[in-house]
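Q: build the 3D model from these lines:
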Amino acid sequence: MSAAFSVSDSLLHIFSNSSSWHNVWHNVSRQARSRRELQLFQACAWTVLKSLVDVVHEGGRHVLAGSGLVLKALPLGAAWNTDREEHSLITGAHPHTCFHCKVPAHLKDTVGEWPLIDSTNVKDMIEEANTTGEYGGDKWCLKYTASATKALPILASETWPDGSTHHNVVQSWERYDHFSVTTDFRADLNPLHDLPHCNLNQICRDDKMHCVLCGMMEHVLAALLSHIIMWVVAAARP
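A: I've put the predicted structure just below:
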């Protein structure tokens, strides 16, 4: 958790200084920029949800129900309704992959009974990759079994020349990307995996109205405007 909060604190500090943010943001690669966006989203989401997690760890809270009875309540994540882009940020999934089930990429448009993904297994896989450097079974072995760096973690803590310590620093972008392509998830530790009694990959659901507004409505408005413009141009002709 401390690593997640340190990322959030450092990014929010950069946001507070617009000139510093501009300089840093334009001097990082596209990969690093995407990773920072992911880390910031997850750290902020965890900051919001942590108060509910604390209630669960305390054994629940007594609340007064509408019937007049005092009941013990446990706030649990049952559904996270949003669009596909935010689902990728929530689960840390690689774009264009299914975070619900283990359907192969070449069969993603085929109806079938594919095993569901458990976020606990995803968390264990990420921790293993950042402890032993191993992941992805045979695919990892074929690419890295003869490598001298095969036992090195993908992410590690580093002490910089100014004496500051930075957590979860990518040791190899090539291996970071290979993990993502091989496992369909990013190698970053996701604080949202610690939501209690919650399978993060299964509670994410499409918000139909959100998808309509962000997807279809843009094209509908563009079509309407094009017709209006054509009508105005036609009406203005002598």
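
Q: spatially nearest residue to Gly136 (excluding sequence neighbours)?
A: Thr182 (3.8 Å; Cβ to Cβ, 6 or more residues apart in numbering). Any C-beta I mention is one placed from the backbone N, CA and C, and that applies to glycine too.

Q: pLDDT value on the one you found, please?
A: Predicted confidence (pLDDT) for Thr182: 84.

Q: host element of it?
A: Using DSSP states H and E, Thr182 sits within helix 173-183.

Q: one more: Glu86?
A: Per DSSP H and E: helix 84-91 holds Glu86.

Q: list the buried ones in that helix?
A: For helix 84-91, the neighbour count (16 or more other Cβ atoms under 10 Å) marks 84, 86-91 as buried.

Q: equivalent analysis for stretch 42-53, please.
A: Those would be 42-43, 45-46, 49, 53, for stretch 42-53 by 16+ other Cβ under 10 Å.

Q: turn the residues you listed into TSV, including pLDDT, secondary structure and distance to Leu74.
A: Shown next, in TSV, are these (pLDDT from 0 to 100; DSSP: H, G, I helix; E, B strand; the rest coil; distance: Cβ to Cβ, whole Å):
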residue	pLDDT	secondary structure	distance to Leu74
Gln42	93	helix	23
Ala43	92	helix	24
Ala45	93	helix	20
Trp46	93	helix	18
Leu49	91	helix	14
Val53	89	helix	11
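
Q: where's the spatially most central residue of the chain relative to Arg205, distance?
A: In the chain, the residue lying closest to the centroid (Cα atoms, centre = their mean) is Leu89, at 2.5 Å. Separation of Leu89 from Arg205 (Cβ to Cβ, to the nearest Å) stands at 15 Å.

Q: likewise Glu174?
A: From Glu174 to Arg205 the distance is 34 Å (Cβ to Cβ).

Q: and those two? which has more neighbours close in?
A: Arg205 (13 against 10; other Cβ atoms under 10 Å).

Q: so what touches the helix or strand encompassing the more buried one?
A: Assigned by DSSP H and E, Arg205 falls within strand 204-206. With contacts defined as Cβ atoms under 8 Å, 6 or more residues apart in numbering, strand 204-206 is touched by 79-84, 87, 90-91, 99-100.

Q: all strands of this structure, in order?
A: 61-64, 70-73, 80-82, 155-159, 165-170, 204-206 (DSSP state E).

Q: could you dump the buried residues of helix 84-91 to TSV with distance to Leu200 and pLDDT?
A: Shown next, in TSV, are the buried residues of helix 84-91 (distance: Cβ to Cβ, whole Å; pLDDT from 0 to 100):
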residue	distance to Leu200	pLDDT
Arg84	15	80
Glu86	13	87
His87	10	88
Ser88	12	90
Leu89	12	91
Ile90	7	93
Thr91	6	93
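
Q: ok, these vs Arg35, which is closest?
A: Leu89 (11.2 Å; Cβ to Cβ).

Q: outline the domain layout of this structure.
A: 2-53+78-206, 208-238 (automatic domain parsing).

Q: of those, flag the one that's most buried.
A: Neighbour counts (mean count of other Cβ atoms under 10 Å) averaged over each of those peak at domain 2-53+78-206, with a mean of 15.

Q: how far does that one sit from the chain's center?
A: 6 Å (Cα atoms, centre = their mean, to the nearest Å).
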